[in-house]
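In: Show me the folded form of this:
(one chain, ligands or ions: 1)
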Amino acid sequence: MRTSVFDDIGVESSVRETLVADDYGSVEISNMDDVPLSSDESEGLSSYTITPTSTEPADKIDRAYDATTEKGKLEGLFRTSMTAIRSSHHEARAIRTALILLGLFTDKILYRDWTTVFYYINNELEIKMQCPEFEASLQDEKEIKILNKLQKLGDTYYFNNLYEKDLYFLYGVSLPCQLKKKVETCLQDKPGARKFRDHIRKMTTASELSGALFCLWGVFIVGGGAMARQRAIRMVGEKGVNVYQNVSGPGREMRKRDFINLWDGLAEAGSSQFKSIENSSDECMKLMNASIKDMSANPWWLKHVCITMTVLVVLAAIIWEKL
Ligand code: HEM
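Out: Modelled structure (predicted):
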């Protein structure tokens, strides 16, 4: 079984290793008003320019989203899962835009928090995928087959170790116990992420797990996540972007196609597994949104702004008194 630097927030555990993510951004927004995608990034996208907030071409993003959706089989699982998360995907983009205004693409701390949150959630997914006890607990042959297909996908993609590499760098620590502490501290005010992780922890079938994987890995493999690599590099450097290792570079179209084919072959229309994966994708995308919303609720610098404002008001009052 794989291990990660931490098990649970507030709960001591054995050492495990692994983990996740999403899509990040650039450096200076002022310099990024119109960032043309590199040929690598834009492979597979119709030729449009994505701004730092990705708000301007929202309709084009929707079209790209729908075009990808249509690459799945008619009435197949990929199309169905994409349709299930479509409205939540709108919301995800809106939350990301809000986070950009708060500094997602300019503030290394926010970027690090984002990475930490996805690491924390994905960790649970990947540990479960590789847990022999979980596999042994599956009674239904169809569920075992689904799990085996997810594991095969993991041979190419498992993100956990890559996330950990990034986080060691981003936090400037070198020991698992140090990283564990950093992650715990970060997650203290992230109830959404803790809820998502607990949700995965309670999953008892491979179909349910598939919904979590669809959201946590799909964002990189078929979504816009990998496109943020260049922007992330400009902000944190090469050492902070290992998570993109297997989802960027040439071959994006092939990676997308393979993922779509695998998804369409995961469960047959009309089966209980099919319905369960659809429902789980929907639910997980909502939990993913709640997780990223946490980061806009209390930006780390808010207390400094409040203190500064208070000091300024007090000073102004004192000066006013003396006039
Ligand atoms: C936190 C979750 C997510 C956020 C914040 C998000 C945000 C975005 C954004 C901003 C774009 C525009 C491209 C860019 O600016 O980089 C995009 C495109 C897209 N996303 Fe997502 N997304 C999320 C999850 C997902 C998931 C789970 C999927 C599918 C499994 C997905 C599928 C797509 C697709 C197909 C596109 C169109 C681009 C393309 O075809 O390559 N996204 N997303």
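
In: so what pLDDT did Thr97 get?
Out: Per-residue confidence (pLDDT) for Thr97: 85.

In: again with Met1
Out: What the model reports as pLDDT for Met1 is 48.

In: and what of the one 4 residues further on?
Out: We have a pLDDT of 60 for Val5.

In: try the one 10 residues further on
Out: The predicted local distance difference test score for Val15 is 24.

In: Can we start the residue count at 52 from this point?
Out: Renumbered: residue one is now 52, and that last one reads Val66.

In: Just checking, which helix or strand succeeds the helix or strand bottoming out on mean pLDDT in the chain along the chain?
Out: Least confident helix or strand, the chain: helix 90-93 with a mean of 39, by mean pLDDT, DSSP states H and E. Sequence order places helix 109-120 as the next helix or strand after helix 90-93, per DSSP states H and E.

In: Does the ligand have contacts with the next helix or strand after that following helix?
Out: Taking DSSP H and E as the definition, the helix or strand that follows helix 109-120 towards the C-terminus is helix 128-153. Yes - contact of helix 128-153 with the ligand (CB under 6 Å from any ligand atom) involves 136, 140, 143-144, 147. C-beta: built from backbone N, CA, C; applies to glycine.

In: between the residues you listed, which is nearest Leu374?
Out: Nearest to Leu374 among the residues of helix 128-153 next to the ligand: Arg147, at 46.8 Å, using CB to CB.

In: Is that closest one in contact with Lys344, as I believe?
Out: No - using CB atoms under 8 Å, Arg147 is not in contact with Lys344, being 10.4 Å away.

In: Show residues contacting the helix or strand containing Ala187.
Out: In this structure, Ala187 sits in helix 183-188 according to DSSP H and E. Applying CB atoms under 8 Å, 6 or more residues apart in numbering, the contact partners of helix 183-188 are 52, 179, 195, 198, 255.

In: Let me have these in JSON lines, adding distance to Gly269 as columns.
Out: Formatted as JSON lines, the contacts of helix 183-188 follow (distance: CB to CB, whole Å):
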{"residue": "Met52", "distance to Gly269": "25"}
{"residue": "Lys179", "distance to Gly269": "17"}
{"residue": "Ile195", "distance to Gly269": "22"}
{"residue": "Leu198", "distance to Gly269": "17"}
{"residue": "Thr255", "distance to Gly269": "22"}
